[in-house]
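J.: predicted model and sequence below, questions to follow.
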Amino acid sequence: MGLEEQIPAGFLLTTVEAVAGTARRSSMWPMTFGLACCGMELMAVGDPRHDFSRFGMERPSGSPRQADLMVVAGRVSQKMAPVLRRLYDQMAAPKWVIAMGVCASSGGMFNNYAVVQGVDHIVPVDIYLPGCPPRPEMLLDAIVKLHDKIGDTKLGAHRRAEIVAEERARLTQLPLIDACPTPG
Ligand code: SF4
């Protein structure tokens, strides 16, 4: 007798990881973090036309302690960098970051000493969203892609192994630093 015949009708089989993934992605609480012009488009996803409440996100949080999604919308100045990091550290884990727009992703056209050249210098980024500014529909698409990522997240020992593998991959991508010249 196959497994399907042995299970009485009305039972649903799944894994704890799948249940946790569904619960997490269906109830993300974003932290409001508009830094520049992209912040206008970030606000637009909350309007009735785009309505990000459909994704269980109707509660934007003013406090990092009640938020698990940071949408960095706009360029990050060097002065703002330590503040952003402190807010990220205060968010409850597990937590996610979307870099919204070219400025947050890479500094964009602000290639100067005053602007951080990509928010991933300060916090780990899950989704990079191009555009100047990205339209609200693009941010909604990024949120849906983040949902897929969260749904596939492992738990416990599996997650720890995943983190180690991600960290190894990240270290191999870092540029090599030239050895200090020896004094002549
Ligand atoms: S990506 Fe464009 S719209 Fe967004 S903060 Fe930079 S300059 Fe402003």
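T.: Yep, that arrived. Numbering: from 1, shown residues only.
J.: residue boundaries of the helices in the chain?
T.: Defined through DSSP state H, the helices belonging to the chain, from first to last, are 3-6, 16-25, 38-44, 81-90, 101-106, 136-151, 156-173.
J.: need those in TSV (columns: mean pLDDT).
T.: Listed next are the helices of the chain as TSV, based on pLDDT from 0 to 100:
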stretch	mean pLDDT
helix 3-6	69
helix 16-25	84
helix 38-44	91
helix 81-90	93
helix 101-106	94
helix 136-151	92
helix 156-173	76
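J.: and the protein, which residues reach the ligand?
T.: Residues of the chain lying close to the ligand (Cβ under 6 Å from any ligand atom) are Ala36, Cys37, Cys38, Gly74, Arg75, Gly101, Val102, Cys103, Gly108, Cys132, Pro133. No exception for glycine: its C-beta is placed from N, CA and C like everyone else's.
J.: repeat that with 5 Å
T.: On the criterion Cβ under 5 Å from any ligand atom, the ligand has as its neighbours in the chain the residues Ala36, Cys37, Cys38, Gly74, Gly101, Val102, Cys103, Gly108, Cys132, Pro133.
J.: which residues are in contact with the residue nearest the centre of the chain?
T.: Centroid-nearest residue in the chain, with Cα atoms, centre = their mean: Val97, separated by 2.3 Å. Contacts for Val97 were tallied using Cβ atoms under 8 Å, 6 or more residues apart in numbering; they are Leu69, Met70, Val71, Val72, Tyr88, Val119, Val123, Pro124, Val125, Asp126, Ile127.
J.: same check, this time on Ser77
T.: Residues counted as contacts of Ser77 (Cβ under 8 Å, 6+ apart) are Leu35, Ala114, Val115, Val116.
J.: highest neighbour count among these?
T.: Scoring those on neighbours with other Cβ atoms under 10 Å, the highest-scoring entry is Val116 at 22 neighbours.
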